[in-house]
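Undergrad: Turn this into a structure:
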Amino acid sequence: GTPVSGHEPLSVSFTDLSANTPTSWVWTFGDGAQATDRNPVHVYDPGVFSVTLKASNACGDSTAIKPQYIHVGGFVPSLDSVGSAGDTVLFDVVVDTVFGPYDRPVTLSGRLAPTPRRGGMAFSFASPSGTPRFATTMRAVPTGDLASGDYQVELSAIDPRITKTATRPLHYVGRQYVAVTPDTLDFGTRPFGQSVSKFVNVRNSAPLASGYKLNFTAVRSGSGFELGTASGSVNPQTATQVLVVFSPIQHREYLGTLTINSDDPAKPVVVVVLKGRGIPEQIPPQVIATQPPGVFDEVRIDSVIQFFFSERVTAPPESVLERDSVVTARSQRTGRPVPGQVTFLPQSMTFAPVSCVWFPPDDTINMRLKAVITDTVGNRLDGNKNGSDEGSPADDFLFRFKTGPGVFPGDADLNRRVDERDILPVARYWGMSGPPRENPCQGFVMQSAQAWIPRAATHADANGDGAIDSLDICPIAEFFDVDSSLPKAVIEGWMAEARQWNQDIVAALLNGLAACPGEVRGRAILGRFLEGLQAKSPLPVEFSLSQNYPNPFNPATVIEYSLRSPTHVRLEVFDIQGRLITVLDEGDRQAGNHSKVWDGRDANGRSVASGIYFYRLVTPAFRFARKMALLK
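TA: Next comes the predicted model:
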């Protein structure tokens with residue numbers, strides 16, 4: 001090869017010196033390239049390369065290798081950003097050698113790509129040329145009108161025969177020298193006769209080297225605000241302050257502006273908002289007590305909620321109250337708002353649900369008193385009790401409570417329909433007594449009640465007199481849905497338990513039905529049903545274990561089972577891990593239908609947690625289990 005060393009790009013002419021007249025050649029040049037000419041020419045980049053020649057004729061082939069035969073020197077530029085001085089960006093530049101010395105001079109230049117929409121950038125070097133290896137610095141100075149944008153700073157290292165480049169990204173923000181902070185000056189609430197001062201900072205961000213001195217004037221608008229500084233000048237990379245004084249003399253909101261006019265061509269006008277509030281004194285009202293006291297107390301759904309304040313408050317206009325802008329009540333279960341009436345007293349406020357609509361039963365109600373409530377001098381409600389006036393929503397007062405049950409008269413099984421099935425809870429809890437309920441709402445509407453134990457008995461007291469007896473059949477008959485009376489086959493399935501009733505209960509219900517006043521619409525259907533129960537009921541034809549009712553339940557549920565012949569039984573309850581919780585029934589039982597109530601307690605009388613449970617009936621001839629859910 002000729003030559004076998006030199007600078008990039010190195011052109012090497014190769015000559016075949018093989019004997020015995022070869023007819024074909026394969027050259028491998030060491031840089032991944034090949035040729036099949038007899039005497040090829042190949043151009044190399046920097047590196048050290050081994051060359052292989054394979055020559056062939058009709059008798060065979062022969063291979064010759066010259067290791068590390070070609071030596072090519074080169075150079076490579078690199079560019080690193082090292083910081084800035086004002087608007088000037090500084091770079092370190094190195095032009096290094098690769099694979100040997102490089103003795104030809106290289107000239108440096110810089111440019112910005114892509115071409116800016118406006119302005120430009122000038123590049124200069126401490127040493128604009130040299131023979132590798134050498135290092136220098138590059139300065140990139142933008143013009144005053146260079147457009148903001150994302151650019152590439154491109155360094156070119158130029159040999160007369162070859163040019164190599166290196167790039168670095170550059171994010172440039174067009175220069176705006178004036179900076180004013182903050183953009184809003186809020187003096188808060190101040191009593192009459194007390195002045196408060198705050199500052200606005202005016203900064204000149206021009207480079208020190210530019211010497212640009214920024215001049216400004218300050219103008220205020222709005223009564224109650226005065227300026228301590230009206231004009232000035234700011235040297236590069238320094239700041240000054242404009243003093244603003246707020247002095248309220250009336251009970252009202254104050255609003256004004258501070259305008260900074262400067263000779264910064266990028267932003268000659270900057271406006272700062274000024275605001276404050278004047279009041280006679282500065283002690284905000286707080287909620288000091290509520291009735292009921294809190295979330296852990298279950299209240300009747302017709303309860304009036306009362307909030308007591310630390311001082312007298314002012315009732316907002318009726319138009320504000322009608323927009324729910326003072327207090328909101330919302331069901332946690334459905335997320336829906338609860339309508340109600342707000343009444344302000346001198347030092348308290350009440351929220352009453354709409355009559356005969358009431359709060360949702362068996363729910364948690366989340367209430368929010370908004371910080372628009374004020375005392376007699378305008379201090380807003382301090383809901384979070386930190387002593388400062390932060391406004392809504394930070395100072396809203398949050399409150400929650402739980403509600404008790406709601407009863408529809410006659411709907412003893414709580415399914416919003418009155419039919420034959422509603423006699424079942426009456427007989428199940430026959431003879432129980434509990435808190436009576438008042439009935440200010442006529443018709444089939446929800447009535448407020450205090451919960452019984454078990455809770456399902458609350459609804460079995462259909463007439464609300466505090467006792468479950470024959471009088472409870474009258475509301476069932478009164479609100480009976482004649483058009484949706486259950487077919488006989490359905491009644492047979494739902495009323496399997498009814499066949500086990502004491503005949504005295506059946507007779508008492510018939511007498512109570514006969515004594516119901518007026519023409520109640522369910523009298524005939526309920527009468528036929530009860531009279532049918534006076535006949536002897538057939539025995540079950542098989543052993544069975546029914547699904548508990550209700551399911552899910554809280555806190556009690558009924559478990560029914562049927563025996564076709566006398567036998568020994570054991571009715572057990574297990575948790576989801578298979579641990580025995582309690583035994584509800586055990587012993588010899590007669591043929592027929594039987595039922596047991598589980599009140600959600602274990603064998604030691606302790607209430608168990610919410611979750612999935614299993615109940616199992618075991619007899620010598622029958623074993624069956626079902627699943628139930630307790631939800632608290």
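
Undergrad: CA atoms for contacts and neighbours, from now on please.
TA: Noted.

Undergrad: could you pull out the helices for this protein?
TA: Ranges of helices in the chain, per DSSP state H, are 318-322, 423-428, 457-460, 473-478, 488-494, 503-514, 523-533.

Undergrad: From the contact counts, what lies against the last one?
TA: Put plainly, it is helix 523-533. helix 503-514 (3 or more Cα pairs under 8 Å, 6 or more residues apart in numbering; DSSP states H and E).

Undergrad: related to what we said a few turns ago, point out the most buried one among the helices of the chain.
TA: helix 457-460 (a mean of 28; mean count of other Cα atoms under 10 Å).

Undergrad: got the CA positions of that one in CSV?
TA: The C-alpha coordinates for helix 457-460 follow below in CSV (Å, rounded to 0.1, in the frame of the first residue of the first chain):
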residue,chain,number,x,y,z
ALA,A,457,-88.7,-4.0,64.9
THR,A,458,-88.7,-0.2,64.4
HIS,A,459,-90.6,-0.8,61.1
ALA,A,460,-92.7,-3.6,62.5
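
Undergrad: Now tell me what touches that helix from outside.
TA: 405, 407-409, 411-414, 422, 425-426, 429, 432, 434, 449-452, 468, 472 (Cα atoms under 8 Å, 6 or more residues apart in numbering).

Undergrad: still on that earlier bit, now the helices of the chain in a markdown table, with mean pLDDT and distance to residue 122?
TA: Shown next, in a markdown table, are those (pLDDT from 0 to 100; distance: least, Cα to Cα, whole Å):
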| stretch | mean pLDDT | distance to residue 122 |
| --- | --- | --- |
| helix 318-322 | 58 | 65 |
| helix 423-428 | 88 | 94 |
| helix 457-460 | 92 | 89 |
| helix 473-478 | 90 | 96 |
| helix 488-494 | 60 | 94 |
| helix 503-514 | 84 | 106 |
| helix 523-533 | 79 | 102 |
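
Undergrad: okay, those helices in a markdown table with distance to residue 9 next?
TA: As requested, the helices of the chain are arranged in a markdown table below (distance: least, Cα to Cα, whole Å):
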| stretch | distance to residue 9 |
| --- | --- |
| helix 318-322 | 86 |
| helix 423-428 | 103 |
| helix 457-460 | 100 |
| helix 473-478 | 107 |
| helix 488-494 | 100 |
| helix 503-514 | 115 |
| helix 523-533 | 111 |
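
Undergrad: pLDDT weak spots in this structure?
TA: 118-119, 144-147, 174, 210, 265-266, 295-296, 318-324, 482-500, 534-541 (pLDDT under 70).

Undergrad: Go through it and flag its longest strand.
TA: strand 60-85 (DSSP state E).

Undergrad: tell me which residues in stretch 74-88 are buried?
TA: Across stretch 74-88, burial judged by 16 or more other Cα atoms under 10 Å covers 74, 75, 76, 77, 78, 79, 81, 87, 88.

Undergrad: The fifth one touches residue 94, doesn't it?
TA: Yes: in this structure residue 78 lies within contact range of residue 94 using Cα atoms under 8 Å: 5.3 Å.

Undergrad: ok, residue 434 - contacts?
TA: By Cα under 8 Å, 6+ apart, the contact list for residue 434 reads 452, 458, 466, 467.

Undergrad: quick one: it from residue 444, how far?
TA: Going from residue 434 to residue 444 by Cα to Cα, to the nearest Å gives 22 Å.

Undergrad: Residue 370: neighbour count?
TA: Residue 370 has 23 neighbouring residues, counting by other Cα atoms under 10 Å.

Undergrad: do the same with residue 571
TA: Around residue 571 there are 22 residues (other Cα under 10 Å).

Undergrad: contacting residues for it?
TA: Residue 571 makes contact with 583, 584, 585, 586, 615, 616, 617, 618, according to Cα under 8 Å, 6+ apart.

Undergrad: 6 Å instead, please
TA: 583, 584, 585, 616, 617 (Cα atoms under 6 Å, 6 or more residues apart in numbering).
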